[in-house]
Every structure is written in C-alpha cells, then in structure tokens.
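> kindly generate the corresponding structure for this input.
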Amino acid sequence: MIDESFFNALNGYMQKPENQKIPLAILPVGTGNSLSRDASVEEGDLESFIKLLNNGKKKRYDIAKAENKNETFYYTNMIGFGFINNIIGTASHL
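Now for the predicted structure:
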C-alpha cells in the first residue's frame, strides 16, 4: 500500500517515550507525495531537502490518533477506510 512504510515508521515512533523522540524526515520520492507537499518539500528536489536537513529546519504538522477497543494507531495527512483502501490495494498489485 502507498505510504505503508511511513505509516509503520510513524506508529513505531509514537510508541517511544517523549524524551527519546527525534525529528522525522520525509524524502520527496515516489508518486503522489501529498505528505511531502504538505511539509513543503518538492518532489525530486533532494538537494534542497538535504540543505533543509543540514540547516536543522523543522516544520510541525498534526499527527492524529485513532483508537478502537482492539488497537491504537497514528496517522498524518490522510486516512482512508473501506472503498479507498480497496482501490489502493488493487492499484498496488497492478
């Protein structure tokens, strides 16, 4: 699925104690890149991205928490249920 690795990294990150957290970086590669655009990182502009990292520039964005009686997970940018997940799952197998 699209952005599955970021989803897994974010959820692992959110399990860490607050004093062990470091800033996360989003590489502007792949297709779509809505999360990178929301963080003001242009697709394919790795040189500018590396300059941002070297300058220590940070940008905050919201992280949402979803819970039910069986699990808790975190996400940012967007979340999809039902039909949209079926589309993404089908497209990733083409």
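> for this structure, which segments count as strands?
Taking DSSP state E as the criterion, the chain contains strands spanning 64-67, 72-75.
> quick one: mean pLDDT for the first one?
Spelled out, it's strand 64-67. Averaged across strand 64-67, pLDDT comes to 90.
> show me the helices in the protein, by range?
For the chain, the helices defined by DSSP state H occupy 4-14, 34-38, 46-54, 83-92.
> tally of neighbours for Met14?
14 (other Cβ atoms under 10 Å). Where you see a C-beta, it was placed from the backbone N, CA and C, and this is true even at glycine.
> again, but for the one 5 residues further on
For Asn19, the tally of surrounding residues (other Cβ under 10 Å) stands at 5.
> mind checking how far it is from Thr76?
From Asn19 over to Thr76 the distance is 21 Å, taken as Cβ to Cβ, to the nearest Å.
> do the same with Pro17
Counting by Cβ to Cβ - Pro17 and Thr76 are separated by 20 Å.
> out of those two, which sits in the busier spot?
Thr76 (18 against 6).
> now that one, nearest residue through space, not along the chain?
Excluding the flanking residues, the one nearest Thr76 by Cβ to Cβ, 6 or more residues apart in numbering is Ile63, at 5.0 Å.
> shouldn't that neighbour be in contact with Leu24?
No - using Cβ atoms under 8 Å, Ile63 is not in contact with Leu24, being 9.8 Å away.
> what touches both of those two?
Both Ile63 and Leu24 are contacted by Leu10, under the criterion Cβ atoms under 8 Å, 6 or more residues apart in numbering.
> how about low-confidence regions in this structure?
1-3, 28-44, 77-86, 88, 92-94 (pLDDT under 70).
> rerun at 80
Flagging of the chain using pLDDT under 80 yields the residue ranges 1-6, 23-53, 56-61, 77-94.
> contacts only, for the residue nearest to Lys65 when sequence neighbours are not counted.
Leaving aside its sequence neighbours, Lys65 sits nearest to Tyr74 (Cβ to Cβ, 6+ apart; 5.5 Å). Listed by Cβ under 8 Å, 6+ apart, the contact set of Tyr74 reads 10-11, 14, 63-66.
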